[in-house]
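>>> Model the structure of this input:
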Amino acid sequence: MSDLKVSEATTTTRPRHLLVTGGARSGKSSYAESLIERSGLSKVYIATGQAFDAEMRQRIERHQRDRGDGWTTIEEPIALSDVLLREARPDRAVLVDCLTLWLSNLMLEDRDTSDAAAQLGASLGFLRGPVVFVTNEVGQGIVPENPLARRFRDEAGRLNQHMASLCDRVVLVAAGQPVQIKPSLHPEIRL
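Residues are numbered from 1 along each chain as shown. Sure, this is the predicted structure:
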């Protein structure tokens with residue numbers, strides 16, 4: 001997408017960042033990858049998932065095969081802000097897949113998720129190249145039955161709101177169809 005291309009005329013301004021959200025198997029990762037592919041910039045993939053079991057290893061391998069060649073992949077389950085500050089440059093488009101796996105990694109290590117989200121948000125203003133963040137919408141179903149799942153749902157909702165407020169654009173992907181939700185395509189509604 002031309003929105004991600006950083007031309008010589010725009011390198012002195014802050015790069016654009018995009019949040020792509022949606023449900024499981026909605027097509028959000030494929031859409032985010034296509035944005036990076038079309039940018040014409042070098043492609044960096046920051047993977048936050050960890051292969052704790054055989055099923056997750058298979059998922060990671062499938063993502064790698066689907067992505068194809070030409071990507072620099074960096075696996076980082078926790079120190080996302082540090083990696084972004086190091087890797088985001090004007091000649092690169094960075095894809096972070098995904099924020100909800102990153103959040104679960106933080107929770108598994110009993111880290112302060114609010115502090116980590118604030119640090120990630122603060123780092124956006126210092127990134128020198130465009131970043132596409134992928135995240136999951138997890139709060140649209142039933143209320144989970146256990147406290148940990150409810151906490152994860154709530155933390156993910158807060159993280160998504162925080163990142164959406166800071167990113168230049170937000171796209172919701174449903175059934176493989178991207179819908180831009182920020183900036184709004186419709187005028188503000190007032191009563």
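>>> Roughly how far does the closest residue to residue 135 other than its chain neighbours sit from residue 65?
Distances taken as Cβ to Cβ, 6 or more residues apart in numbering put residue 99 closest to residue 135, at 4.0 Å, once the chain neighbours are dropped. (Each C-beta comes from the backbone N, C-alpha and C, glycine too.) Distance from residue 99 to residue 65, counting by Cβ to Cβ, to the nearest Å: 23 Å.
>>> okay but the residue nearest to residue 135 is in contact with residue 160, surely?
Yes: between residue 99 and residue 160 a contact is recorded at 7.4 Å, counting by Cβ atoms under 8 Å.
>>> Which neighbours do those two have in common?
Residues touching both residue 99 and residue 160 (Cβ atoms under 8 Å, 6 or more residues apart in numbering): residue 135.
>>> coming back round to it: who has more neighbours, residue 99 and residue 65?
Using other Cβ atoms under 10 Å as the criterion, residue 99 and residue 65 rank with residue 99 on top: 24 against 8.
>>> which residues touch that one?
48, 133-136, 156, 159-160, 163.
>>> how about the helices of this structure, start to end?
28-38, 54-67, 80-87, 99-108, 113-123, 147-166 (DSSP state H).
>>> mean pLDDT lowest for which of those?
With a mean of 80, helix 54-67 has the lowest mean pLDDT of the helices of the chain.
>>> quick one: that one to chain centroid distance?
Offset of helix 54-67 from its chain centre (Cα atoms, centre = their mean, to the nearest Å): 18 Å.
>>> same thing with stretch 106-124?
14 Å.
>>> So what touches it?
By Cβ under 8 Å, 6+ apart, stretch 106-124 touches 17, 78, 80-81, 84-85, 103, 131, 148, 151-152, 155, 158-159, 162-163, 166-167.
>>> and those residues, which are buried?
17, 78, 80-81, 84, 103, 131, 152, 155, 159, 162-163, 166-167 (16 or more other Cβ atoms under 10 Å).
>>> what about the residue most central in space within the chain, distance to residue 88?
Against the mean C-alpha coordinate of the chain, by Cα atoms, centre = their mean, the closest residue is residue 133 at 1.8 Å. Computed as Cβ to Cβ, the residue 133 to residue 88 distance reads 12 Å.
>>> count of neighbours near the closest residue to residue 26 other than its chain neighbours?
Nearest residue to residue 26, sequence neighbours excluded (Cβ to Cβ, 6+ apart): residue 173, at 4.7 Å. A total of 21 residues lie near residue 173 under the criterion other Cβ under 10 Å.
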